[in-house]
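In: Compute the structure for the input listed below.
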Amino acid sequence: MNNPLLNQRLQQALGYTFIRSDLLEQALTHRSYSSLNNERLEFLGDSVLNCSVARALFDAFPDLPEGSLSRLRANLVRQETLADIAVMLKLGEVLRLGEGELKSGGFRRPSILADALESLFGAIFLDAGFNEAQRVVRGLFDPLVARIDPKASGKDAKTQLQELLQSRRLPLPEYRLIDTQGEAHDQSFIVECVLTRPSLSTRGEGKSRRAAEQEAARQACGELQK
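Out: Take a look at the predicted model:
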């Protein structure tokens, strides 16, 4: 699952080239593969991530109070969002996993992908310092920050749709996986969001099932609010 060419592609996608290749290797090593793994780097990267995203939100929304900023940050740094970014980076292709994790599809598991992404941030911090690590984080998260509607209080599309339906005393939606396309390491999911009342069906596509569900829910919210 790990080779120099894929490592090079990952670094190109991150916009950062490691000075110390051993740090990159450790960041990509799961505990099932070796005792020298990415868990300590994940601890460090979590702090780098939170601080960098906090600064991005602080700059983007100068009028929001602390509580709103905290909710927005929590939504951005949670496991699902990190896993979606990791899938976009094709991080699963370069992870060093033990045989059991490989057989069970660990390279697709959101928790493993999210932890590895945080580990990369920690490794970049050790390799080049906070400013460079923050630059990489901002490169990945600024597009997400730019799409935030502060009035939504950091709630994702599925939560917004659920609350909208509940406020109107309508049945909750059902999400159906319609299709999965592409190879196992580079899949695209198509999900349908189905409402019975009002009768409505929307579709979303994403690099993970959750991302596709979120897109379908976002479209449903838009239809209901017209």
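In: What is the lengthiest helix in the chain packed up against?
Out: Across the chain, the longest stretch assigned as helix under DSSP state H is helix 39-60. Helix 39-60 is packed against helix 21-27, helix 66-76, helix 110-128, helix 130-146, with contacts defined by 3 or more Cβ pairs under 8 Å, 6 or more residues apart in numbering; DSSP states H and E. C-beta coordinates here come from the backbone N, C-alpha and C atoms, glycine included.
In: Out of those helices, which is the most enclosed?
Out: helix 110-128 (a mean of 23; mean count of other Cβ atoms under 10 Å).
In: Show me what it is packed up against.
Out: With contacts defined as 3+ Cβ pairs under 8 Å, 6+ apart, helix 110-128 has these neighbours: helix 21-27, helix 39-60, helix 79-88, helix 130-146.
In: circling back: so which of the helices and strands packed on helix 39-60 gets nearest L44?
Out: helix 110-128 (3.4 Å; Cβ to Cβ).
In: The helix or strand of the chain with the lowest mean pLDDT: how far from the chain's middle?
Out: Comparing every helix and strand of the chain by mean pLDDT, DSSP states H and E singles out helix 99-103 as the least confident one, with a mean of 85. Between the mean C-alpha location of helix 99-103 and the chain-wide mean there is a distance of 23 Å, by Cα atoms, centre = their mean, to the nearest Å.
In: tell me the domain ranges of the protein?
Out: 4-150, 157-224 (automatic domain parsing).
In: what's the average pLDDT for the shortest one?
Out: Per-residue confidence for domain 157-224 averages out to 89 on the pLDDT scale.
In: Endpoint to endpoint, it covers what distance?
Out: End-to-end distance for domain 157-224: 13 Å, by Cα to Cα, to the nearest Å.
In: Could you check the angle the longest helix of the chain makes with helix 130-146?
Out: Here the directions of helix 39-60 and helix 130-146 differ by 60 degrees (axes from the mean of the first three to the mean of the last three Cα atoms, to 10 degrees).
In: Which residues belonging to helix 39-60 are considered buried?
Out: Within helix 39-60, the residues that qualify as buried by neighbour count (16 or more other Cβ atoms under 10 Å) are 41-42, 44-46, 48-50, 52-54, 56-57.
In: again with stretch 168-183
Out: Neighbour counts using 16+ other Cβ under 10 Å place P173, Y175 of stretch 168-183 among the buried residues.
In: Having no further points to raise, I will conclude here.
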